[in-house]
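**Q** just need the structure, nothing else, for what follows:
(chains A and B)
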Amino acid sequence: MGRKQLGLFLALVVAASGCSDSEDVMPGIDGGGDSGTGNIDSGPGTDLGVDLGIATDGGMSIDSGPGTDAGPECPALSARTVVTISAEITESATWTCNNLYVLNDLIFVRSPAVITIEPGTIVQGNDLSALIMTPGSRLVADGTASRPILFTSSKSAGERSHGDWGGLVMLGNAPINLQSEGAPVRGQVEGIDASDMRGQYGGSDATSSCGTLRYARIEFAGYAIAVDNELNGLTLAGCGSDTIIDYVQVHRGDDDGVEIFGGTVDIKHIVITGALDDCLDWDQGWTGRGQFIIAQQHSGSETGIEADNNRSNNDLTPRSAPTLWNVTLVGTNNSAEAQFAADFRRGTAGLLHNVIMMGFPRTSVDVRDASSVAQTASGALDVTNAMFFQVGADGMTYFATEEGDADNDASFDESAFFMSSTRMNTFGTDPMLGAPYNIAAPNFAPAAASAAGSSAATPPSTFFDATATYRGAIAPGGSDWTSGWTAYPEN
Amino acid sequence: MSEHRTSSARAAHCLVASVCLFWGASVSSASAQDADGGVAPPASDAGIAPAAETAPVSEPVPAPESAPEPAAVHESEHVSVPESEPVAPAEVSSGIDGVVTDAETHEPIIEGTVTVVQNGRRATTDIDGIFAIDLPPGTYTLRSFYELHQAARVENLTVRAGARTRIEIALEPDRESTQEVVVTARADRSTAATQLQIRRNATSVQDAVSAQEISRTPDATASDAVRRVVAASIVDGQYLFVRGLGGRYTNVLLNGSPLPSTDPDLAGVQLDIFPAALLDSLTIVKTFSPELPGDFAGGLMLLDTRSYPERFTATTSIGTAFNTQSTFRSTLGYEGGSLDWLGIDDGTRAMPSGVPDVRVDAGRGLTSDQVNAIARQFPNHWNVTRSTALPDLTLNASIGDTLDVGGHRLGYLVSFGYQATTRTQIETLRRLRVSGAQLEVAESMQQEGARQNVLWGALGTLTYEPAHDHEISLVAMYSRNSTDYTGLLTGLSESEGLNVSARRLQFVERSLVFAQLLGDHHGNMPLDMRLRWQVYGSLAFRDEPDTRDVLYTQGPLGLQWKSGPGSGERFYGSLLGRDVGGRLDLTFPIGASDIRAGTYARATDRAFESRRFAYDFRGSNSLDRYLGPEELFSPDRVGSTTRFLERTLASDGYVSNQELIAGYAMTDLHLADPVRVVLGARVEAAHQSLSSSSPFASMTGPMPRGSDRDDVDVLPAANAIFRLSETMAIRASYGATVARPQARELAPFVFADFVRRRTVQGNPDLSRTFIHNADVRWELFPSENEVVSASLFYKNFRHPIEQTILDDNGNITFQNVDGATNYGAELEARLSLGRITRALDAFTFGTNFTFVYSRVSLSPEQRAVATNSDRALAGQSPWVANLSLGLSPHDSPFSTFLYYNVFGPRIQDVGSLGLPDVYERPFHQLDLVMSYRLTEHFTLRVTAKNLLFQTVGVEQGDVAIREFNPGTTFAIKLGWTD
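**A** Here you go, the predicted model:
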């Protein structure tokens, strides 16, 4: 009780200061007055460092700085009232930032419930918990740059790690390619009991909305039950085009950062850092769009983009064929590692334009399996206007040679294909990013003089920001849209 | 999992020989007397001639070993001791030989008792009603009795020196009754002929294998022996399929009590834990009768343990075996414990005592330092070693006797068997996919697996006869087996896109303790009733300590550790199953018919608990990933290079309970002479609950998930027998049965199948299956040892449970499909080739064939995802065939038997998303058994298994996705009997 009262007091202090952010975003605020309360929000030191890194970038420009948001103030973490969520949610609710929501299980939100999460709200996950929006339910998690919504581990800072909790799963009724004789077959999302019907997704509603996730961070999530059976930081399965996924960071997630199973969902302003497996993974016929996507790998990560159509039957339709513009993929640039930037396989198509790929010790782009190779011939699978930098063991071997066993692509020659001048790809030119390999305080913004500003194509105006006529996710010398709302805590 | 095929192909032989030895143990005294007294050519002046059809008197009794079977010539068949009996020279000792028959039917009385009033010596009649007692010259009175018959006394029998006195005793039926011959608990069911006699008199359709038959095959365990039954086949080396139905559709009763499964990962009763040596008979009942538990559809296997011997007996044997794919070849292993040879982990793999009873998770209850301290207590053995596989070893011993305790019989029999085998299996595993409407290989990996199997068990029976026709038996059994598995998997992983190298070290020990007390009372009972009762209890344990999995992928500098699920993991699992129950069965004779009623109750619980621990890479130096596992996971790297954590899932534990109360009433009506009808019904009320949760899954306790079901089913049954003649009958039957999901199938536990690289997960929403069964069978018994039969059957399943593919990664779960219908036919013949010409007397021939047409019906969603909606029920073979040929010349110490078994292609996994169904290829198994009697006490036996050098294959489309050579196994064994 005493702690709560103190928290209320602190809330006033916070309000007076004009800042209402949670500890991870602006740890300094509660770090001073609240450290004696013994709340799990302990480690300001680490977070402070991380946030200082942002602040440095933020000096350039922040699209919405602290204090610019109207609305109720958010108390410090320690002052928030813990609300434990242990049971299925069937009625709409609004989660506000004066509470700390702790997920205690796989929490299924059932149709037609709408969960509205206010800016600045923190949702923590206990071990083996996850928030699962079943088809027909909707998540409205619409944060702001200064008060993003945070989904994180319930462990205290310093003890956190990938896999501490399950992550956010959004399921919808949009088409997936588990089909037979034209009839759609629903999928069963990974990481949930095979028999639990609440894990089903997919249908015929291409606009099916899973809700809004904007200005939100998902940290230390994901959970691998077994190989090919895992929860990811953010799972979008069967989500349709009415879903809004914008300004979302997935940080240090187990298995993949963002995995998209079919659907038509569009994604924009995505930062994926330190996913254990792949940063962005798509399967089962994703046909959405994406723009401004940054993926940074850590040691042991596997692939920047792992793209599949369908594992069992490579030619099922709808075929995965997203179009992505302005993508920055950053590997570890460590020759002992085995990452590669993008792996197109199992029949996927897909178009990547205005791309930076750097620091991948193994190879940049790999196309494998005859069914995917066929997409390159038809033009449905391509990478254009891309900068390739520091690729291969020597930093200059952009495409690995595949011999014998490793030749799993019917002798498709990536080198000849992607190095063809018609694709306007450049090799060996430094895009001059601020601090791309820095784990604790990365900076993915190219210097103003960067060659990323040239040889770029112009995105079409539908959905995409047609002014992004540069390679990579951030404009050279322009404002860094990752500033202010992202964070890179180690643990 | 079909490596089990190899493991079951292991040295069957020792145990088999001990069957034979055992056989000696339970031989009837009549035969024993033969053994003692040698061949008994009857004195021609003995007076009373035996019934013509039993006719053994005119010819010398052949050596038991040479007794051909099945369908032996009569002359040899009454000698029921195939191996332990010497070929005795015809030196005649004095005594009495005779035959006991039913005065009305003139059929021989089996297991009738004959006692010598003057000295209390007794004998039991064999299958032909024949007995023999050695006696010094003198004058004697014999008393003979048999259930449901009036006892008879024969006085003033004179025995002369060097001669046999011969006599026929005809027992009058006790009342006007043509009730079936009810074989008493002590009846020796061991011979094929006895089994045929039982079958002939049974009201339900059943088939059996006798211990005598088992003893002739290379069969080591019940799972081997049951292949000899019509329509029976064994899946994965240990699970019984009858008429192509397995798992929940077959059930096993040991002396009438259900047996628990000891494996949480798989449904069904593991038959390979039952040494064949302990079995007296093995019967498959295929039609429902109300006194039987209602939860079967394919078949119900009745395992009957040995009864007590009629004289002191002791046997022992030692044997060894060589497998062409394993023995003296390179095999895999790792550092184990000192008691591995006993199937017991000595604590080497035990979870360290310092592991707390809460989730090991730094930051939630424990600090990182505490977690690191815990992690450092784990033994650090991950390396795989290579050595040369040694030959198998098998040992067996038994001792038994029947004592006279104050004039009452007290029989005991204790047997012990041990076997240790090593099998190596090298195979290529392929994963397929569809691309451009073509089926292509997506992944091809090499797997080398070595299994050290240990199996031992002891069985004891104690039977006391407080009064004639009152018998109380105690049966106790202990069985333990272990499999120590070391597996290596290498190749280009489709999923990783890299060459990988994975290993698994796994030790699984299973044990079963079973005790049963049975009573059978049918003399001097009110209303002439027969009362049978039993109570039983069993405990089944399965322990899997410290299964280790690790996976390396090809990195630029060599193989590097990939942390993640199934890599750098330790799994600990333990299961305890308890089962108690009892039944009471009453039979009331009413004229020629009888009424039966009974009740049955059973309570089962099962507790499964497991924990998963994992190492996670947290180092800053990428080069550390290239370290070997023992360096990587060494205690001093915990907390720096690695992070230790618990990965136990909420579904990693469950508790299940099942209570069943059943009652039945039925009547066995002899309507007119040739017609007999059994009508009745059984009511079963079952409650099944399962709660899945693990105390180690979460500090905060996620919600358990489970199921809780009640079913009350009325299961009607009608069986009719029309006796067309003495030797020919037609049977027709209808019965309704159920199949309840197994705890394992209900539990949402995720089981990682290392061999198939996929997971299997249960489904708490499964419901029970209701089955309508109908059968018609025509049977002809040309002689006591011969049978020809033909059957037609129909089964309709409502909501059968199938194993289905869950996702496009090939993971597996269970579902109720809409329905399925099976139509089948069975043909069987067991004949003596002596029918054709006397020259072929030494040959016996047996064959059976089952054909099943099976089709499932799927719901629209199931039809949509299935590649092929026009298919058989999964696991259903379209045909199963068995063939046996025996050569056992009279007067020869040699005998040779050849056995052949094959099943038609059956669906192992149902295909989806355009991938074809996965079929297990027919396996043509040809086995040879030769035995040679060295001396009166020693027998040498040589067996060969898989003489056609067949490989096990699993196919999808036309592509072999698994293929391995189980090798051919040659075994030799020396047996001794007193």
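**Q** quick check: closest non-adjacent residue to whichever residue of chain B sits closest to chain A.
**A** Across chain B, the shortest distance to chain A (CB to the nearest CB) belongs to residue B:363, at 2.8 Å. Backbone N, C-alpha and C define where each C-beta goes, glycine included. Using CB to CB, 6 or more residues apart in numbering or on different chains and skipping residues adjacent in sequence, the residue nearest residue B:363 is residue A:159, 2.8 Å away.
**Q** does that neighbour sit in a helix, a strand or a coil?
**A** Following DSSP: H, G, I helix; E, B strand; the rest coil, the label given to residue A:159 is coil.
**Q** thought it was touching residue B:361?
**A** No - in this structure, residue A:159 is not within contact of residue B:361 by CB atoms under 8 Å, at 9.1 Å.
**Q** residue B:603: neighbour count?
**A** Counted with other CB atoms under 10 Å in any protein chain shown, the neighbours of residue B:603 add up to 14.
**Q** sorry, wrong one. I was asking about residue B:439.
**A** Residue B:439: 17 neighbours (other CB under 10 Å).
**Q** neighbours of residue 111, just the number please.
**A** No chain in the question, so chain A it is. When neighbours are counted by other CB under 10 Å, residue A:111 comes out with 14.
**Q** actually chain B
**A** The burial count for residue B:111: 23, using other CB under 10 Å.
**Q** give me the pLDDT for the residue of chain B closest to chain A.
**A** Turning to residue B:363, the model gives it a pLDDT of 87.
**Q** swap in residue B:808?
**A** 69.
**Q** can you show me the helices along the chain?
**A** Just so you know, I chose chain A. A:2-17, A:27-34, A:44-58, A:370-378, A:414-418 (DSSP state H).
**Q** can you look at chain B instead?
**A** B:3-8, B:12-25, B:29-37, B:74-77, B:192-201, B:211-216, B:222-225, B:368-375, B:629-632, B:743-746, B:860-865.
**Q** pLDDT averaged over the fourth one - what is it?
**A** Helix B:74-77 carries an average pLDDT of 24.
**Q** cool, the last one as well?
**A** Per-residue pLDDT values across helix B:860-865 average out to 70.
**Q** could you list the low-pLDDT ranges of chain A?
**A** Judged by pLDDT under 70, chain A has its weakly predicted residues at A:1-72, A:179-184, A:403-407.
**Q** can you name the residue of it nearest chain B?
**A** Taking CB to the nearest CB, chain A has residue A:159 as its residue nearest chain B, at 2.8 Å.
**Q** residues near that residue, how many?
**A** 21.
**Q** swap in the one 10 residues further on?
**A** Residues within reach of residue A:169, counting by other CB under 10 Å, total 28.
**Q** just residue B:381 next, same as before
**A** For residue B:381, the neighbour count with other CB under 10 Å is 17.
**Q** same thing with the one 4 residues further on?
**A** Residue B:385 has 10 neighbouring residues, counting by other CB under 10 Å.
**Q** how about it: what's its closest non-neighbour residue?
**A** Nearest to residue B:385 is residue B:333, by CB to CB, 6+ apart, at 5.1 Å.
**Q** quick one: that neighbour and residue B:488 touch, right?
**A** No - if you go by CB under 8 Å, residue B:333 and residue B:488 don't touch, sitting 11.5 Å apart.
**Q** now for the two: what residues contact both?
**A** Shared contacts of residue B:333 and residue B:488, defined by CB atoms under 8 Å, 6 or more residues apart in numbering or on different chains, comprise residue B:384.
**Q** got a pLDDT number for residue B:555?
**A** Residue B:555 is assigned a pLDDT of 86 by the prediction.
**Q** I figured it was touching residue A:335, is that so?
**A** No - with contact defined as CB under 8 Å, residue B:555 does not count as touching residue A:335 (9.7 Å).
**Q** okay, these two: which has more neighbours?
**A** residue B:555 (22 against 16).
**Q** show me what contacts residue A:376?
**A** A:367, A:382, A:412, A:417.
**Q** now do the contacts for the closest residue in space to the first one that isn't next to it in sequence.
**A** Once flanking residues are discounted, residue A:367 sits nearest to residue A:344: 4.7 Å by CB to CB, 6+ apart. With contacts defined as CB under 8 Å, 6+ apart, the neighbours of residue A:344 are A:307, A:350, A:365, A:366, A:367, A:368, A:372, A:375, A:381.
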